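>>> this one's structure only:
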Ligand SMILES: Nc1ncnc2c1ncn2[C@@H]1O[C@H](COP(=O)(O)OP(=O)(O)O)[C@@H](O)[C@H]1O
Ligand SMILES: Cc1cn([C@H]2C[C@H](O)[C@@H](COP(=O)(O)OP(=O)(O)O)O2)c(=O)[nH]c1=O
């Protein structure tokens, strides 16, 4: 049976990740794979309720982290693990790296506590209960916070995180860079300051170099 594949998409708000997830889903479908498209915070009815609170209600960093991980547990249990067990491709808009970047680096919350929660929440679910479920590949849209802020200013009403000052996003961006250094094989860094077409080409190239999409498809989906 085809092996499941878990890919997450990360980056600061306005990095441009949402623009590329659907195109990658289509590229996988074109190879005959079944794709589950999902997101965090959210991805299940319960986790979507927690998302609303996380994005709109005032709370401290520990509460943010607990809500993020509570939603993640439900999401893993109800959506991600079953889809991977069926051999599907799971494309997830944000996952645990976001908690380390936003609550850890951005809010300054204790990263050892986050590591403990990661261990607790992301094990005991797969066939092998010891297995810590993490993405196989993380596509990291790296962009200077100033560029992301300019894009967002033109785009939408900010939520609690998007309304943060540039210094917050400098810390979040550093948080992602730290995670990438700690796990270089998992992270595929995309220079997201470039135009959409160049970003899309980098995403397909990252898949192709990992043998996850055929070489012939790499050029076929560079347009939205
Ligand atoms: N490469 C790009 N160049 C310029 N603008 C972009 C680019 N990618 C996305 N955008 C625009 O920037 C804004 C934020 O993009 P989005 O995909 O929603 O980011 P994210 O999901 O990472 O927060 C949107 O208005 C989008 O149209
Ligand atoms: C997954 C996750 C997201 N977040 C934040 C990052 C984003 O600012 C916000 C929602 O992410 P996102 O879905 O990317 O927002 P949008 O739909 O506006 O593109 O939640 C955390 O603070 N911690 C987390 O664990």
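Great, that's in hand. Here the structure is a predicted model, which is why all the values come from computation and not from measurement. Ligands and ions are numbered 1, 2, ... in the order given.
>>> Residue 173 - how many residues pack around it?
By the criterion of other CB atoms under 10 Å, residue 173 has 21 neighbours. Quick note: C-beta positions are derived from backbone N, CA and C, even for glycine.
>>> what separates it from residue 50, distance-wise?
As for residue 173, its distance to residue 50 is 25 Å (criterion: CB to CB, to the nearest Å).
>>> One more: residue 67?
Separation of residue 67 from residue 50 (CB to CB) stands at 5 Å.
>>> need the residues of the chain near ligand 2, please.
Counting by CB under 6 Å from any ligand atom, the residues of the chain close to ligand 2 are 13, 18, 39-41, 55, 68, 93-94, 98-99, 102-103, 159, 161-162.
>>> Which of those residues ranks first by neighbour count?
If you rank the residues of the chain next to ligand 2 by neighbour count (other CB under 10 Å), residue 103 sits at the top with 29 neighbours.
>>> Quick check: it vs residue 132, distance?
The span separating residue 103 from residue 132 equals 19 Å under the rule CB to CB.
>>> Now the residue nearest to the spatial centre of the chain: closest residue in space, sequence neighbours ignored.
For the chain, residue 94 is the residue whose C-alpha lies nearest the centre (CA atoms, centre = their mean; 2.2 Å). Setting aside the residues directly before and after it, residue 94 is nearest to residue 40 in space (CB to CB, 6 or more residues apart in numbering), at 4.6 Å.
>>> can you list contacts of stretch 63-72?
40-44, 46-47, 50-51, 53-54, 59, 95-96, 98-99, 102-103, 107, 109, 113-114, 117-118, 120-122 (CB atoms under 8 Å, 6 or more residues apart in numbering).
>>> And those, which of them are buried?
Among the contacts of stretch 63-72, those classed as buried by 16 or more other CB atoms under 10 Å are 40-44, 47, 50-51, 54, 95-96, 98-99, 102-103, 107, 109, 114, 117-118, 121-122.
>>> Tell me which other helices or strands the lengthiest helix in the chain touches.
Secondary structure assigned by DSSP state H gives helix 166-182 as the longest helix of the chain. The elements that helix 166-182 packs onto, with contact taken as 3 or more CB pairs under 8 Å, 6 or more residues apart in numbering; DSSP states H and E, are strand 137-142, helix 145-153, strand 187-191.
>>> Go again with 7 Å.
Applying 3 or more CB pairs under 7 Å, 6 or more residues apart in numbering; DSSP states H and E, we find helix 166-182 packed against helix 145-153.
>>> Let me see the contact set for the residue nearest to residue 94.
Residue 40 is in contact with 71, 72, 75, 92, 94, 95, 98, counting by CB atoms under 7 Å, 6 or more residues apart in numbering.
>>> now the strands for the chain?
Secondary structure of the chain by DSSP state E: the strands cover 5-10, 35-39, 89-93, 137-142, 187-191.
>>> Right, I'll leave it there.
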